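# Have a look at this prediction, sequence included:
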Amino acid sequence: MAAPEVTNYDDYIHEPNNTKLDHLPGDWGMPFFGHSFQYLKDPLPFAQERYKQFGPISRVSTYGTKGLLCLGPDLAQQIMLDPGKDFSSKMGFHQRVATFFRGSLIMEDFEHHKFQRRIAQTAFKNESLKHYTKEINRIYDRAMDEWQASVGQETQFFMNIKNLLLEVAAEVFIGIQERGERVQKLSQGFIDCVDGIMYILPINLPGFAYHKGLKGRDFLESSIGALVPERRAGDGKDMLSHFCREKDEQGNYFSDEDIRNQMIFLLFAAHDTTTAAITHTIYYLARHPEIKQKLYEECVALGKDTLDYEDLDRVPYMQQVFNEVQRIRPSVPSVPRRTIREVEMAGVKVPAHTMVFTMPRFTHWMEEYWTEPFKFDPDRFSPERSEHKKHAFQFHPFGGGAHKCIGMHFSQMEYKCFLHKFLLKYDFVAKHKDPDVFMQTFPLPKPSDNMPIELALR
Ligand code: HEM
């Protein structure tokens, strides 16, 4: 059975972005560049300043796109839960990433999204997650042995974890078990694709990032596509095999094209986010040895060197650390949408086809909700303090509503299994040249010096 007919897109996907917003608070910033420089440098102080000056909703112009910055938990809730079906994710992402992520979950709305999501969900059931946990622990064991060679030397943690999670992507997501040239080529295709998304000009000529990105995407598409027939016929337990074989309750399955599109986005959505989460954790643990020690003691107290799937809830302090890292440095800095019709937001009428941007980190740092929000303090998530429970959307690192992260449990498993093994085997200190290292948000949130550390065996 093929995918259900898409009936509701034609109303809005052909409309250009509305930029007639001069009646709303804010300004358009510098001619041509808008607010791009302030935003790229650090979106948080920029947003805090806008909030002070204009309130929760204001005009912004970044990266050539004009729209509205929507700040605070009320607007995040309205946009993400979207009870009136007023906001399009497809059109929110359309401007920058349509070429790279066409046909993926994030580029679909409403009924068509629901159809794709139901099938994709089959790859994230408990049984599958249990299998992924085993596989990931096997890969981590290998890495923990290999990293021993760098004990006592300075090494860039970000590069190490990035490469390790690329191995996870190849083995657990795509099911390629052997290491070597094939995986290296896939990883390079993926890296090119990700770099391409950061293009300045959409020029498809050699030498331009956009061109490199499209080439990377083509390579991923043909490599993944070539595996589909074999995976459909086999009984593999990797994510690609699930996508190839499984159907929803109505017997609908993914077409070959759907599989390629969904897998490419899944690799992107999974990799950079978890890489950022683990890298930031290492950054904050290095700055707070007492928190690192408490976490280490929790790992030791578990009495085993591997976190199995059943153990994931048995490390509550690690969960607090994960939450605090996502609060203070969320892996996804901004969630875009486009209005489908005129919508009332924060007391103003926002016209149809207007780009709107939420910013989780702004909400995660609001003094109305968090004590000393700039401070790294995992205990704010302890059962006694539970600072995160004042508003349903004051803490939303995984989004919310129909597009809420499908890999939420997977990513926390990937994170916890890593930290458990890493902390039991290694101690580490930071080796920043500048202790006030710049914490970048784009193209990926991380310390800009790639988090140099020195490892020591425990
Ligand atoms: C720390 C790790 C992660 C964070 C913070 C994160 C965050 C998010 C957020 C905020 C969204 C919603 C975006 C929106 O509404 O526009 C999202 C969507 C998504 N994420 Fe994640 N993510 C993480 C890891 C992962 C992993 C590991 C996977 C896959 C294994 C994944 C797959 C997806 C997919 C497919 C979507 C789109 C869902 C849809 O549109 O229905 N993510 N993620």
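It's in. Numbers count the residues shown, from 1 in each chain.

# What is the neighbour count of residue 314?
Other residues within reach of residue 314 by the criterion other Cβ atoms under 10 Å amount to 15. Quick note: C-beta positions are derived from backbone N, CA and C, even for glycine.

# Check residue 249 too.
Using other Cβ under 10 Å as the criterion, the residues surrounding residue 249 number 6.

# So it: helix, strand or coil?
coil (DSSP: H, G, I helix; E, B strand; the rest coil).

# Quick check on it: phi, psi?
phi -60, psi -30 (degrees, to the nearest 10).

# got it, and residue 428?
phi -160, psi 160.

# next one: residue 69
Dihedral angles for residue 69 - degrees, to the nearest 10 - are phi -90, psi 120.

# got the residues of the stretch 151-300 of the chain near the ligand?
Within the stretch 151-300 of the chain, the positions adjacent to the ligand are 266, 269, 270, 273, 274, 277 by Cβ under 6 Å from any ligand atom.

# Reformat those as JSON lines; add secondary structure, pLDDT and neighbour count.
As requested, those are exported to JSON lines (DSSP: H, G, I helix; E, B strand; the rest coil; pLDDT from 0 to 100; neighbours: other Cβ atoms under 10 Å):
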{"residue": "266", "secondary structure": "helix", "pLDDT": "94", "neighbour count": "23"}
{"residue": "269", "secondary structure": "helix", "pLDDT": "95", "neighbour count": "20"}
{"residue": "270", "secondary structure": "helix", "pLDDT": "96", "neighbour count": "22"}
{"residue": "273", "secondary structure": "helix", "pLDDT": "97", "neighbour count": "23"}
{"residue": "274", "secondary structure": "helix", "pLDDT": "98", "neighbour count": "23"}
{"residue": "277", "secondary structure": "helix", "pLDDT": "98", "neighbour count": "23"}
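
# Now render these as a markdown table, adding distance to residue 13.
Formatted as a markdown table, those follow (distance: Cβ to Cβ, whole Å):
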| residue | distance to residue 13 |
| --- | --- |
| 266 | 23 |
| 269 | 22 |
| 270 | 27 |
| 273 | 27 |
| 274 | 31 |
| 277 | 33 |
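
# Any idea how far stretch 411-418 is from the middle of the chain?
Stretch 411-418 sits 14 Å away from the centroid of its parent chain (Cα atoms, centre = their mean, to the nearest Å).

# what does stretch 20-27 give?
Taking Cα atoms, centre = their mean, the mean C-alpha location of stretch 20-27 is offset from the chain mean by 30 Å.

# Endpoints of it, how far apart?
12 Å (Cα to Cα, to the nearest Å).

# Pick out the residue closest to the middle of the chain.
The structure's the chain has its C-alpha centroid closest to residue 273; by Cα atoms, centre = their mean the separation is 3.7 Å.

# from what I can see residue 72 touches residue 366, true?
Yes - counting by Cβ atoms under 8 Å, residue 72 does reach residue 366; the two are 6.8 Å apart.

# who's more crowded, the two?
Legend: neighbour count by other Cβ under 10 Å for residue 72 and residue 366, higher for residue 72 (23 against 16).

# which residue sits closest to that one, ignoring its sequence neighbours?
With sequence-adjacent residues excluded and distances taken as Cβ to Cβ, 6 or more residues apart in numbering, residue 72 is closest to residue 56, at 4.8 Å.
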